[in-house]
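Asks: model the following, please.
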Amino acid sequence: MMHRILSFLFVFMLVAPSNAAALPAKPNVLFIAIDDLRDWVGFLGDKQVKTPNLDKLAARGMIFTRSYCAAPVCNPSRTALMSGLRPGASGVYENNADWRKSPAAKVPNLTQHFMANGYDVRGSGKIYHGSYPPPADYWHDFSPGGIAGDAKKGGNKSAKKPQDSSWGYGNFTFGPLATGDESMEDYHIVDYCLKELGKKHDKPFFLACGLHKPHLTWQVPQKYFDIYPLDQVKLPKVKANELEGVPPAGIKMAKPMGDHKTITEAGKWKEAVRAYLATITFCDAMVGRLIDGLDKSAYKDDTIIVLWSDHGWHLGEKDHWRKFALWEQATRSPMLYVVPGVTKAGSVCNRTVDYMSVYPTLSDLCGLGIPPHVQGRSIKPLLADANAKWPEPAITTYLHGNHAIRTEKWRYIRYENGDEELYDHEVDPLEWNNLAKDAKFASVKHDLFMSLPKENVPDLGKKGAKGKE
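Replies: Next up is the predicted model:
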C-alpha cells in the first residue's frame with residue numbers, strides 16, 4: 001500500500017508547486033470539511049476511485065496516512081473538532097445531542113478564536129451538524145447553502161430533482177440524477193467560497209467550505225456514475241464470517257440484520273458501492289473548482305489549506321454499513337495540509353493523529369496561541385518533519401464509555417461493558433483476528449488501556465433517539 005501512495009504522489013510532485021514561500025505571520029486559512037469520506041481516495045492508495053483533484057492537492061503538501069476522527073458520527077465529530085473538547089468532556093456522543101447546550105458551547109470555538117484574533121471569518125455548507133447550527137456570532141458571514149448572507153433563510157435548498165434508476169429507503173437512497181452539477185447544493189457552496197476568494201480582503205481570512213457529499217443520499221449527476229461501469233465495480237474485501245471473534249458489544253454496533261441484510265438480500269451491494277464511488281468523484285470535482293479558484297486568486301501563496309472528513313464509512317465490512325462503529329473503516333478518513341514554507345510537496349506522514357489536532361494546529365500555525373481548554377495537540381512539528389517523534393495515539397469515542405485507541409501498529413477497542421478487541425495492523429489490516437483474549441498480548445492491552453480517556457461525562461442526548469444523520 002505504502003509504495004503505491006509514494007509512487008502516486010511522486011507523479012504529481014513533478015507538476016506540483018514547491019510551497020517554497022515563507023509562511024506569513026497571519027496566513028489565510030482555507031478550511032475544507034467533507035462529509036462521510038472514508039479512505040477511498042487515490043492519494044491514500046485506493047485503485048478504484050477517481051479523485052484527480054484531491055490527488056493533485058495532496059501532492060502540494062502533506063498527507064496523513066493514519067488520521068482518525070474523534071467520533072464516528074457527524075455531530076460529535078464536528079463538535080469535538082470545532083470546540084476542542086472530546087466527546088467525553090462535552091457529553092456530545094451522538095447526533096441527538098444539541099451541542100449548543102453542552103460544555104462545547106461554553107468555550108471559544110475555532111471560528112470564535114480566529115475572530116478574536118483579527119481574522120475575517122466566513123463560510124458556507126456543513127461545518128457543524130445541520131440540526132444544530134451555531135449562533136450567528138460564530139461567523140462574520142455564513143451561508144448554509146451557498147447564498148451570501150442567506151443563513152436565516154436556510155440557504156440554497158435545491159428543489160426535488162428528476163432521477164433515474166434510484167433505489168433505497170429513507171435517506172439510504174442512491175442512483176443517478178438527470179441533472180447537471182448546478183443542481184447540487186455543494187456546487188453553490190463552492191460558488192460562495194469562490195466569490196470570497198475573488199474579493200479584496202484587508203484582514204487575514206478564515207474561509208470554511210463544508211461539502212455534503214459523499215454523505216447520503218448517493219444521488220449525483222449521471223456522468224459520475226458513467227465513470228464506474230457496474231461490471232467493473234469491486235466490492236470491499238470481506239470474509240465469510242466478518243463478525244467472527246467480535247464480542248457482543250461490537251456485534252450490537254454492527255447491526256448485521258440492518259442495512260447489510262437489506263442491501264445484500266436485494267442484490268444491491270455493487271450498485272451501492274458504485275453510487276458511493278460516483279458521489280466521491282462528484283465531491284472531488286467540487287474540491288477541484290475550489291482549488292482552481294484559490295490558485296487564480298491573490299491569496300494562492302499565503303493561504304494554509306486543511307482538508308478533512310468527519311469520519312469514515314463501512315460498505316459491508318463487519319456486516320456493517322454507515323459509520324456508528326469503532327473499527328478502521330468507520331474511524332479513518334483523509335486529512336491533508338498545504339502550508340506555505342512548512343510542508344514539502346508530496347510529503348507523507350505515517351504517524352497516528354486524530355482530529356483533535358486541527359484546532360491547536362491551525363492556532364499554532366497562525367500564531368494565535370492555543371486556548372487552555374483545547375484537548376488536542378498541535379501537529380506543527382509533524383508538518384515540518386513527517387518523521388518527528390509523536391507519542392500520541394489517535395482516540396475515537398462512540399457513545400458513552402466506548403473508545404478505540406489507534407497506534408501505528410495496534411487498534412484496541414474497549415466497550416463500556418468491558419468487551420475488548422485488539423488488532424495487529426502490521427499483519428491484519430482488515431481487522432479479522434481479534435487478539436484481545438490471547439494472554440500473549442496482555443501487556444500490549446494494558447499499555448493501550450492507559451491511553452483511554454479518563455473523562456466520560458453523562459450523555460446529553462435523548463435516550464433511545466439517534467437524531468438525523
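
Asks: list the contacts of the nearest residue to K213 once chain neighbours are set aside.
Replies: If the residues on either side of it in the chain are set aside, K213 comes closest to C283, at 4.6 Å by Cβ to Cβ, 6 or more residues apart in numbering. Quick note: C-beta positions are derived from backbone N, CA and C, even for glycine. C283 makes contact with I34, L37, D186, L211, K213, P214 under the criterion Cβ atoms under 8 Å, 6 or more residues apart in numbering.

Asks: so what's V348 closest to, chain neighbours aside?
Replies: Spatial nearest neighbour of V348, excluding adjacent residues (Cβ to Cβ, 6+ apart): I63 at 5.6 Å.

Asks: any idea how far that neighbour lies from R406?
Replies: From I63 across to R406, the span is 17 Å (Cβ to Cβ, to the nearest Å).

Asks: what's the distance between the residue positioned nearest the centre of the chain and Y68?
Replies: Nearest to the geometric centre of the chain sits S309, at 1.5 Å (Cα atoms, centre = their mean). According to Cβ to Cβ, S309 stands 11 Å off from Y68.

Asks: what do those two both touch?
Replies: Joint contacts of S309 and Y68 (Cβ under 8 Å, 6+ apart) are S333.

Asks: all helices of the chain, in order?
Replies: 2-13, 52-58, 74-83, 87-90, 110-116, 185-197, 222-226, 248-254, 259-265, 269-295, 328-331, 358-365, 380-384, 442-449 (DSSP state H).

Asks: tell me the mean pLDDT over the third one?
Replies: Spelled out, it's helix 74-83. In this model, helix 74-83 has a mean pLDDT of 98.

Asks: outside of it itself, list whatever touches it.
Replies: 33, 35-36, 69-71, 85-87, 90, 92-97, 99, 102, 104-105, 107, 109-111, 127-129, 131-132, 215, 308, 310-311, 355-356, 358-359, 397, 467, 469.

Asks: now, the residues you listed that are in strands?
Replies: Among the contacts of helix 74-83, DSSP state E puts A33, W308, T397 in strands.

Asks: which among the residues you listed count as buried?
Replies: Buried by 16 or more other Cβ atoms under 10 Å: A33, W308, T397, out of the ones in strands among the contacts of helix 74-83.

Asks: pLDDT wise, what is the last one at?
Replies: What the model reports as pLDDT for T397 is 98.

Asks: for the second one, same thing?
Replies: Model confidence at W308, expressed as pLDDT, equals 98.

Asks: can you report how many residues neighbour the spatially closest residue to it that is not a sequence neighbour?
Replies: Spatial nearest neighbour of W308, chain neighbours left out: M335 (4.6 Å); criterion: Cβ to Cβ, 6+ apart. Residues lying near M335 (other Cβ atoms under 10 Å) number 24.

Asks: and Y93, by the same measure?
Replies: 26.

Asks: ok, it - contacts?
Replies: Going by Cβ under 8 Å, 6+ apart, Y93 touches A71, V73, P76, P87, T397, Y398, L399, H400, D459, L460, G461.

Asks: name the nearest residue to the fifth one, sequence neighbours excluded.
Replies: Nearest residue to T397, sequence neighbours excluded (Cβ to Cβ, 6+ apart): P87, at 4.5 Å.

Asks: these two touch, right, that neighbour and G401?
Replies: No: contact criterion Cβ atoms under 8 Å: P87 and G401 do not qualify, at 10.4 Å.

Asks: more neighbours, the two?
Replies: P87 (34 against 17).

Asks: in contact with the residue nearest to D39 when sequence neighbours are not counted: list those residues for me.
Replies: Once flanking residues are discounted, D39 sits nearest to R332: 5.2 Å by Cβ to Cβ, 6+ apart. R332 is in contact with R38, D39, R66, S67, Y68, G312, counting by Cβ under 8 Å, 6+ apart.

Asks: D424 too?
Replies: Going by Cβ under 8 Å, 6+ apart, D424 touches K409, W410, N433, L435.

Asks: in a markdown table: these, plus distance to P176, neighbour count and pLDDT.
Replies: Formatted as a markdown table, these follow (distance: Cβ to Cβ, whole Å; neighbours: other Cβ atoms under 10 Å; pLDDT from 0 to 100):
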| residue | distance to P176 | neighbour count | pLDDT |
| --- | --- | --- | --- |
| K409 | 42 | 12 | 98 |
| W410 | 41 | 20 | 98 |
| N433 | 39 | 13 | 98 |
| L435 | 43 | 18 | 98 |
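
Asks: would you format the residues you listed as a markdown table with distance to K380 included?
Replies: Shown next, in a markdown table, are these (distance: Cβ to Cβ, whole Å):
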| residue | distance to K380 |
| --- | --- |
| K409 | 25 |
| W410 | 26 |
| N433 | 37 |
| L435 | 35 |
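
Asks: now the two most distant members of those.
Replies: By the measure Cβ to Cβ, K409 and N433 form the most distant pair in these, at 13.9 Å.

Asks: pLDDT below threshold where in this structure?
Replies: 1-21, 147-165, 463-467 (pLDDT under 70).

Asks: how far is stretch 115-126 from where the chain is centred?
Replies: Chain-centre distance of stretch 115-126: 20 Å, with Cα atoms, centre = their mean, to the nearest Å.

Asks: list the buried ones in it?
Replies: M115, N117, Y119, D120, V121, R122, G123, S124, G125, K126.

Asks: mind listing the strands for the stretch 351-469 of the chain?
Replies: Along the stretch 351-469 of the chain, counting by DSSP state E, counting those that start in this stretch, strands occupy 394-397, 403-406, 410-414, 420-424.

Asks: which among those strands is found nearest to F449?
Replies: Using Cβ to Cβ, these put strand 410-414 closest to F449, at 6.7 Å.

Asks: ok, residues contacting that closest one?
Replies: Residues contacting strand 410-414 (Cβ under 8 Å, 6+ apart): 250, 326-328, 402-405, 420-425, 431, 436, 444-445, 448-449, 452.

Asks: ok, of those residues, which come out buried?
Replies: Counted by 16+ other Cβ under 10 Å, the contacts of strand 410-414 give 250, 326-328, 402-405, 420-423, 425, 431, 436, 444-445, 448, 452 as buried.

Asks: ok so, going back, the buried residues of stretch 115-126 into JSON lines, with extra columns for distance to Y276?
Replies: Below are these laid out as JSON lines (distance: Cβ to Cβ, whole Å):
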{"residue": "M115", "distance to Y276": "36"}
{"residue": "N117", "distance to Y276": "39"}
{"residue": "Y119", "distance to Y276": "35"}
{"residue": "D120", "distance to Y276": "36"}
{"residue": "V121", "distance to Y276": "32"}
{"residue": "R122", "distance to Y276": "31"}
{"residue": "G123", "distance to Y276": "26"}
{"residue": "S124", "distance to Y276": "24"}
{"residue": "G125", "distance to Y276": "20"}
{"residue": "K126", "distance to Y276": "18"}
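
Asks: can you pick out the most distant pair from the residues you listed?
Replies: N117 and K126 (24.6 Å).
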